[in-house]
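Q: Sequence and computational prediction follow.
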Amino acid sequence: MTAVVFIHGTGVREPGFSKLAGRVAAGLTALRDGLRIVPYYWGGTHGATLAAGGASLPARAGAGGTARGLGLAETPAAADADDTAAAWAALYADPYAELALAAASGDTVVERAPGSVPPEQKLQAMLAALAAQGDATAAELGPGLARAATDLAAHPLLGPAADALDPDDLAALAARSLAARLIADALDADTPLVPVGDTRDAVADRLAEALGAPPRGTARGLRSLLLRAAGSAASHAVVRRRRALTEAAHPAAGDILRYLSRGEAVRTDLRTLVAGLEPPVALVCHSLGGIIALDTLISAPLPQVRLLVTAGSQGPFLYESGSLPTLEHPAPLPPHVPDWLNLYDPRDLLSYLGADLFPGRVTDIAVDSRQPFPAAHSAYWTNPEVYRHIVDRLP
């Protein structure tokens, strides 16, 4: 029986770790029977903490996020995907950005016939009905749909946007706003799981239908209106959400600094865990977890381990920059390091390549979550493609 040790990345703590480990276990065992999944939760024992209760954090003054096109496209299809990801990044930074653009595109004053019903009232009624159903309609994106629908129904720009758009386009816009709000809330909560773009789009399409739109792809019309606001939406969000990002980032940044300065204990515990397992063993790792596993394997042989899998790993970058604790460039990987599968997302700015640094020892494979950064860094474990690549190479 193959044992799969899952090693999490930076900033992950309970109860998020149990949810993440359960998702990884489900993704792997759905494709292969007989696997033994062994979680290695190092964050609770060896992760960084704020010993003085956050005294080093700046005073509350808003919060922030960024959204920018990443310029990674090499083909028209890739450019289209990048533009869509950039548009969603703007919505994650400000879920009402597209609503504001639509409102600004209409006439300043709209004259209505006496006794006519404002066009936004129908959408407001459907938003209220959606809120009354709770969060089930968008459960894949996390909790909060009822609150988001209520807030959108009361937004002052909904009326001007309704005057500028036909009802179907307005419903689709509202659906994208709701989906972006849920994902933005999840990112603010530092969740270790972010849904891939296909799931996001399916939920947005479902929400659009619930709000009166006919079935259609949710990306239609998104880029043309929203990309113009990507820079300004991000700028406003930086000011509004600065402290929230500071508070969310400190466990992740602290985990990295703590590991690089005091990493021997976490490597020792991993070695002890693996030594007690029957071979064959595979180490499946995310982000800093991949650095921990790589350093552990480099420092001394672990013959039980037949495969190393890293997703969103900075290990190759640390090696090339001279920062990897156990191996300095240009020294080669020791012969006892097992086969290494390195999964990366081209939009994940925290993922790096190893094949050119360690010729013949690393297999780099791109996986596309269709999410912008930083959501792309947390979307590996909701991407079915990731599990297929791993299971194909398990001993």
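A: It's in.
Q: Okay, now the unreliable bits of the stretch 1-150 of the chain?
A: Across the stretch 1-150 of the chain, residues meeting the criterion (pLDDT under 70) sit at 53-54, 56-80, 106-117.
Q: Just the element for the closest residue to residue 14 other than its chain neighbours, please.
A: Spatial nearest neighbour of residue 14, chain neighbours left out: residue 44 (6.5 Å); criterion: Cβ to Cβ, 6 or more residues apart in numbering. For every residue, glycine as well, the C-beta is placed using N, CA and C. Taking DSSP states H and E as the criterion, residue 44 maps to helix 43-46.
Q: buried set for that helix?
A: 43, 46 (16 or more other Cβ atoms under 10 Å).
Q: Now the element after it, going C-ward?
A: Criterion used, DSSP H and E; the element after helix 43-46 is helix 76-93.
Q: next helix or strand past that next one?
A: Using DSSP H and E, the first helix or strand after helix 76-93 is helix 97-105.
Q: Please name the residues that touch the closest residue in space to residue 199 that isn't next to it in sequence.
A: Nearest residue to residue 199, sequence neighbours excluded (Cβ to Cβ, 6+ apart): residue 140, at 5.2 Å. For residue 140, the contact set (Cβ atoms under 8 Å, 6 or more residues apart in numbering) comprises 195, 199, 202-203.
Q: Which of those fall in helices?
A: 199, 202-203 (DSSP state H).
Q: So which residues of the stretch 151-300 of the chain form strands?
A: 281-286 (DSSP state E, counting those that start in this stretch).
Q: which regions of it sit below the pLDDT cut-off?
A: Across the stretch 151-300 of the chain, residues meeting the criterion (pLDDT under 70) sit at 217-252.
Q: Please repeat the previous calculation with a cut-off of 80.
A: Counting by pLDDT under 80, the stretch 151-300 of the chain shows low-confidence ranges at 190-192, 216-253.
Q: show me where it has helices.
A: Here the stretch 151-300 of the chain has its helices, by DSSP state H, counting those that start in this stretch, at 158-164, 167-188, 197-210, 222-226, 230-240, 242-262, 264-275, 288-299.
Q: Who are the contact partners of residue 137?
A: Taking Cβ under 8 Å, 6+ apart, one finds 130, 145, 203, 206-207, 210 in contact with residue 137.
Q: Kindly indicate which of those residues lies nearest residue 352.
A: Using Cβ to Cβ, residue 203 is the member of these that lies nearest residue 352, at 30.9 Å.
Q: and the residue nearest to the closest one when sequence neighbours are not counted, what is it in contact with?
A: Beyond its immediate neighbours in the sequence, the residue positioned closest to residue 203 (Cβ to Cβ, 6+ apart) is residue 138, lying 4.9 Å away. Residues in contact with residue 138, defined by Cβ under 8 Å, 6+ apart, are 145, 178-179, 182, 203, 206-207.
Q: Kindly recompute the last result at 7 Å.
A: By Cβ atoms under 7 Å, 6 or more residues apart in numbering, residue 138 lies in contact with 145, 178-179, 182, 203, 207.
Q: so is it in a helix, a strand, or just coil?
A: helix (DSSP: H, G, I helix; E, B strand; the rest coil).
Q: go on, the one 5 residues further on?
A: When the structure is reduced to helix, strand and coil (three-state DSSP), residue 143 reads as coil.
Q: Tell me how far it lies from residue 259.
A: Counting by Cβ to Cβ, to the nearest Å, the gap from residue 143 to residue 259 is 32 Å.
Q: for residue 21, same thing?
A: 19 Å.
Q: Over to residue 357?
A: For residue 357, the distance to residue 259 - Cβ to Cβ - is 20 Å.
Q: Counting neighbours, go ahead and name the busier of those two.
A: A count of neighbours by other Cβ atoms under 10 Å puts residue 259 above the other of residue 357 and residue 259, at 23 against 18.
Q: returning to that earlier point: please spell out the ChimeraX selection for the buried subset of the contacts of residue 138.
A: Of those, the buried ones can be selected in ChimeraX as follows, counting by 16+ other Cβ under 10 Å:
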select :145,178,179,182,203,207
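Q: can the contacts of residue 138 go into a markdown table with extra columns for distance to residue 364?
A: A markdown table is the format used below for the contacts of residue 138 (distance: Cβ to Cβ, whole Å):
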| residue | distance to residue 364 |
| --- | --- |
| 145 | 38 |
| 178 | 36 |
| 179 | 31 |
| 182 | 32 |
| 203 | 31 |
| 207 | 36 |
